[in-house]
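S.K.: quick one, what's the 3D model for this:
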Amino acid sequence: MALVAEVAPPPAAPRRPVRRALRYVVAIASVCAVATVGVVVGLNRLTGGGPVTERCTAELDGSDWFLSPDQADNAALVAGTAVARGLPARATTIGLATALQESKLINIDHGDRDSVGLFQQRPSQGWGTAEQIMDPVYSVNAFYDVLVEVEGYEDMAVTDAAQTVQRSAYPQAYAQHEMRSRAWASALTGNSRGVLSCELGPVADADQRAPEAARDTVAGRLGRDLGLAPATDGAAETRQDPASSAVTVDATPLTPDDPERGAWATAQWAVATAKATQAIEVRVADQVWLREEAAWLPAESPLPPGQVRIVADASE
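M.R.: Reported below is the predicted structural model:
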């Protein structure tokens, strides 16, 4: 009888790699689950608390130029001061480019040697005391006081005009900020309209002010930055009830020969300062900016020429 050799079955494959692979699969699944939860939480926070990243935008020739809300607030002062002084948009471009280079448009209390403030002006160079320079209204006007004495600055390169005022060790650095500054200057002087918007979160309940205080905040900034006061008489009378947080302003004095430009300069100023004033609505001409939409939209009814209406968030 022939003998049939018994063939032993092949050895079983080691199970450790399988277990390891299973552990990898479980781990990956866990990470995905956590990520999914994170996305949901993030979306919930976005829905309930506004955008994660707050920013402001000025558009020019199809390009968007961004600033933080704090930078936009200071840019509004630089531009508003120029408009109130009757200076051309070019002055605003030069001022913004200078402040962007010197301080990133943030009112800082330090710098090279004794330099401080938006324009990094030095007390030792005759710009005033450190306390004065740290007042942005003072420092902006001090900058323009020197700029307007530069003959032909309107036709000079931004670098040359800024350097004539600042005497910087790096004069060519101002040029890199020219396009951003032009976009913001054009919007904040009212030459470009409906091009400036801010993405901002909702005002926290704890930060809301009473209606009267909300109006006072807007009115105070209007006076500081633009030299304007809320309208109180004639056809521009606001006729507000005590519970209203709306302020109506006649912007005609800014640009008497072009009320529409003054109105848009004021309206886009109001958007740029909305983080500080807690503005939630800005109306001008036939347009309205809504904080929750972060955009300009058609208004139901137009405002008279030159008028702007600003509504701040307020407690009930």
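S.K.: just for the stretch 1-150 of the chain, where's the confidence low?
M.R.: Applying pLDDT under 70 to the stretch 1-150 of the chain picks out residues 1-52.
S.K.: can you show me the helices along it?
M.R.: In the stretch 1-150 of the chain, the helices defined using DSSP state H, counting those that start in this stretch lie at 16-49, 69-84, 89-103, 130-133, 136-147.
S.K.: which residues are in contact with Tyr153?
M.R.: Arg90, Ala91, Ile94, Leu147, Ala161, Thr164 (C-beta atoms under 8 Å, 6 or more residues apart in numbering). (C-beta placed from N, C-alpha, C; glycine too.)
S.K.: of the residues you listed, which is the most crowded?
M.R.: For the contacts of Tyr153, counting by other C-beta atoms under 10 Å, the largest number of neighbours falls to Ile94: 33 neighbours.
S.K.: Thr93 versus the nearest residue to it once chain neighbours are set aside, what's the distance?
M.R.: Distance criterion C-beta to C-beta, 6 or more residues apart in numbering; nearest residue to Ile94, sequence neighbours excluded, is Ala161 at 4.8 Å. Shown here: Ala161 relative to Thr93, a distance of 9 Å by C-beta to C-beta, to the nearest Å.
S.K.: got a list of what the residue nearest to Ile94 touches?
M.R.: Neighbour list for Ala161: Ile94, Leu147, Val150, Tyr153 [criterion: C-beta under 8 Å, 6+ apart].
S.K.: who's in contact with stretch 105-122?
M.R.: By C-beta under 8 Å, 6+ apart, stretch 105-122 touches 67, 70-71, 74-75, 78, 96, 98-99, 102-103, 123-124, 127-128, 130, 133-134, 136, 139-140, 142-143, 166.
S.K.: rewinding a little: is it true that the residue nearest to Ile94 lies in a strand?
M.R.: No. Under DSSP: H, G, I helix; E, B strand; the rest coil, Ala161 falls outside any strand and is assigned helix.
S.K.: with Asp114 as the reference, measure out to it.
M.R.: Counting by C-beta to C-beta, the separation of Ala161 from Asp114 is 24 Å.
S.K.: repeat for His177
M.R.: Applying C-beta to C-beta, the value for His177 to Asp114 is 24 Å.
S.K.: of these two, who's got more company?
M.R.: His177 (24 against 15).
S.K.: my guess is the more buried one contacts Ile94. True?
M.R.: No. Counting by C-beta atoms under 8 Å, His177 sits too far from Ile94 to count as a contact (10.1 Å).
S.K.: okay, and the common contacts of the two?
M.R.: Shared contacts of His177 and Ile94, defined by C-beta under 8 Å, 6+ apart, are found at Val158.
S.K.: quick one, strands of the stretch 151-300 of the chain?
M.R.: 196-199, 246-250, 279-284, 287-290, 295-298 (DSSP state E, counting those that start in this stretch).
S.K.: Cys198 and Glu281, how far apart?
M.R.: According to C-beta to C-beta, Cys198 and Glu281 sit 13 Å apart.
S.K.: shared neighbours, those two?
M.R.: Counting by C-beta under 8 Å, 6+ apart, the residues touching both Cys198 and Glu281 are Arg291.
S.K.: would you mark the buried spots in stretch 57-76?
M.R.: By 16 or more other C-beta atoms under 10 Å, the buried positions in stretch 57-76 come out as 57-60, 65, 67-76.
S.K.: how about these, which pair is most distant?
M.R.: Leu60 and Asp70 (21.2 Å; C-beta to C-beta).
S.K.: pretty sure Val308 sits in a helix.
M.R.: No. Looking at Val308 with three-state DSSP, it is strand, so not inside a helix.
S.K.: circling back to that earlier point, possible to save the contacts of Ala161 as JSON lines with distance to Val203?
M.R.: Below are the contacts of Ala161 laid out as JSON lines (distance: C-beta to C-beta, whole Å):
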{"residue": "Ile94", "distance to Val203": "34"}
{"residue": "Leu147", "distance to Val203": "36"}
{"residue": "Val150", "distance to Val203": "42"}
{"residue": "Tyr153", "distance to Val203": "40"}
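S.K.: and of those, the nearest to Trp289?
M.R.: Checking these against Trp289 by C-beta to C-beta gives Ile94 as the nearest, at 27.2 Å.
S.K.: these two touch, right, that closest one and Asp160?
M.R.: No. Look at Ile94 against Asp160 with C-beta under 8 Å: they stay out of range, at 9.6 Å.
S.K.: so who does Pro298 touch?
M.R.: Taking C-beta under 8 Å, 6+ apart, we find Pro298 in contact with Asp286, Gln287, Val288.
S.K.: among those, which one has the most neighbours?
M.R.: Counting by other C-beta under 10 Å, top hit in those: Val288 with 21 neighbours.
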